[in-house]
Every structure is written in structure tokens, then in C-alpha cells.
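Asks: Need coordinates for the following:
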Amino acid sequence: MRHVWFAGLALMSAMAVSGCVSDKKYHEALADADATRGELERARSQKNALEQQVKTLKDLNAKFGSESQIARDELQRIQHGRDKERDTIEVRTKELEDKVKQLSAQNRSVKQEYEEARRHNEQLKSLVARYQKEMKERSRSLSSTMESPALTAPLGSGGSSSMKPSSAPSPFDAPAPAASLLNINKAPSADLVLTLGITQDVAERIVSNRPYRVKGELVAKNVVPKDVFDDIKDRITVSP
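Replies: This next block holds a predicted model:
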């Protein structure tokens, strides 16, 4: 359009110089030049508007790019935190699983100890009941032996009679006196070996597992076998 305007001016100048152009054509040329200038101004205005729009779009693009980068950084931070938290949860879960295994093992061990203690308690109760029964039977037998009346002797030639016992109880029928019993809570291992006829190892086990409340604890505590206990039970005591 600038070329058109320049061409109009040149034409007008030529017409003025030559003097051959009429006023009508001159005015038409001026109108064309004004129209050309108007179009040029509108084109400039459109160009400026377009440049402003381009600048606005560039600014928006830069803004959106910055916000997009911020969003990416935030997403990355969230992913990093999530991964870190997941690792922490996995470690904590592993620790809890190990703790559960330890507690389960301890629980099984406690149950086994409880069962062993219960069995030992039942054995002790059984032995105590048996020995109480034996003590009652011995006490009853000893009382009946000592309280039995003497038999009446036949009349003599002098017509007199005398009372004397037909027989005396044998010392082997009565239980051994307490003084002759060996106290397993006090006797040294050498006396246990010599008096009871047991081995040195068994005697040392008896000494190391003291004290005993009843004789039956020798079996309940697995100190001596049952056959050894049956052999020595009538020759030992736990009383002071």
C-alpha cells in the first residue's frame, strides 16, 4: 500500500507539473491517496494488535510453562515422599513381623515350661498323697502292734495264775527310728554313698538339688530314677 500511495503522489505531482490534468482527476487522486493512507493506518493498527496478541500469548506461554514446571516439581516431591513413606512402612512391617515371631517363640517356650511344671506338680501331688497314705498305714500298724493285749497264761500247780505276753513284737517289724534315717537335706555326698549304696554322681545330684520338702521330690526333680528311689526311700528323711 505504501507503493500505491507513493505512486499517487507521483501522479499528482506529474499532473500538476504538466498542467494537463483536470481538477476532477486531481481530487480523485487525492481521495485515492486518503483512502490509501486510511488503509495503511488500519493495517498498522491491525499489525500492532497482532503484535500485542503475540506478546500476550508469549507471556501466557511463559506463565503456563512456569506453572507446569512447578506442578512437575510438586508431583516429583509427592512421589519422593510416597516412596520414602512406603519404604518406612515396609521396614516397620518387617520389624513387627520379626517381633511377632519372637513373641510366638517365647509363647511356645513358656507353654512348654508350664506343661513341664504342671507335670512335675502332678507327680509331686501323687507322691505326697502316696507317702501320706503310707505314713498313715505305718502309724496304724505301729499303734495296733503296741496296743495289742498280752495273752493269759494257763494256771500253775499252785493254783495261781500269772499274765505274761505270749510273744514280743520283732524289732524288724517296726519302721526304723528317725535317728537312724539319713537326712538328704544335710548329709554330705560321701555319707550318701556309704550309707545308701548309691554312686558318687547320684549323691552329688542329690546335694546340688537341695532342699527337699518331701522325699518324693527326688523323682519329681529327676534327681534319681524311680527304682533307685524305691530302694532308698525307707532309709532317708527330709525332716530337720
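Asks: Enumerate the helices of the chain by residue range, in sequence order.
Replies: 2-18, 23-147, 189-196, 200-208, 217-220, 226-232 (DSSP state H).
Asks: among the ones you listed, which is nearest Ser180?
Replies: helix 189-196 (9.8 Å; C-beta to C-beta). In short, each C-beta sits where N, CA and C put it, glycine included.
Asks: quick one: that closest one to helix 200-208, angle?
Replies: 120 degrees (axes from the mean of the first three to the mean of the last three C-alpha atoms, to 10 degrees).
Asks: Was I right to think Ile232 contacts Val193?
Replies: No: applying C-beta atoms under 8 Å, one finds Ile232 not in contact with Val193, separated by 11.5 Å.
Asks: When the two are compared, which one has more neighbours?
Replies: Remark: of Ile232 and Val193, Ile232 carries more neighbours, 20 against 17, as counted by other C-beta atoms under 10 Å.
Asks: what's the burial count for the nearest residue to that one once chain neighbours are set aside?
Replies: In space, and not counting its chain neighbours, Ile232 is closest to Leu196: 4.7 Å by C-beta to C-beta, 6 or more residues apart in numbering. Leu196 has 20 neighbours, counted by other C-beta under 10 Å.
Asks: Go ahead and confirm Leu196 touches Asp234.
Replies: No: if you go by C-beta under 8 Å, Leu196 and Asp234 don't touch, sitting 10.7 Å apart.
Asks: before we move on, back to that, please identify the deepest-packed of the helices of the chain.
Replies: Here the criterion is mean neighbour count by mean count of other C-beta atoms under 10 Å, and of the helices of the chain the winner is helix 217-220, at a mean of 21.
Asks: hmm, back to that, can you say which of the helices of the chain is nearest to Val238?
Replies: helix 217-220 (8.2 Å).
Asks: for that closest one, packing partners?
Replies: helix 23-147, helix 226-232 (3 or more C-beta pairs under 8 Å, 6 or more residues apart in numbering; DSSP states H and E).
Asks: Show the average pLDDT along that helix.
Replies: Averaging pLDDT along helix 217-220 gives 93.
Asks: circling back to that earlier point, out of the helices of the chain, which gets nearest to Asn183?
Replies: helix 189-196 (9.5 Å).
Asks: residues in contact with the closest one?
Replies: Helix 189-196 has contacts (C-beta atoms under 8 Å, 6 or more residues apart in numbering) with 182, 184, 187, 198-200, 202-204, 206-207, 232, 235-236.
Asks: Return the member of these nearest to Arg72.
Replies: Looking across the contacts of helix 189-196 and measuring by C-beta to C-beta, the closest to Arg72 is Glu204, at 80.6 Å.
Asks: measure Glu28 to Arg92 for me?
Replies: 94 Å (C-beta to C-beta, to the nearest Å).
Asks: domain ranges for this protein?
Replies: As given by automatic domain parsing, the domain ranges for the chain are 2-11+20-86, 180-240.
Asks: okay, the ones you listed in JSON lines with distance to Gln106 next?
Replies: Shown next, in JSON lines, are these (distance: least, C-beta to C-beta, whole Å):
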{"stretch": "domain 2-11+20-86", "distance to Gln106": "30"}
{"stretch": "domain 180-240", "distance to Gln106": "24"}
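Asks: Averaging pLDDT over each of the ones you listed, report the lowest-scoring one.
Replies: domain 2-11+20-86 (a mean of 84).
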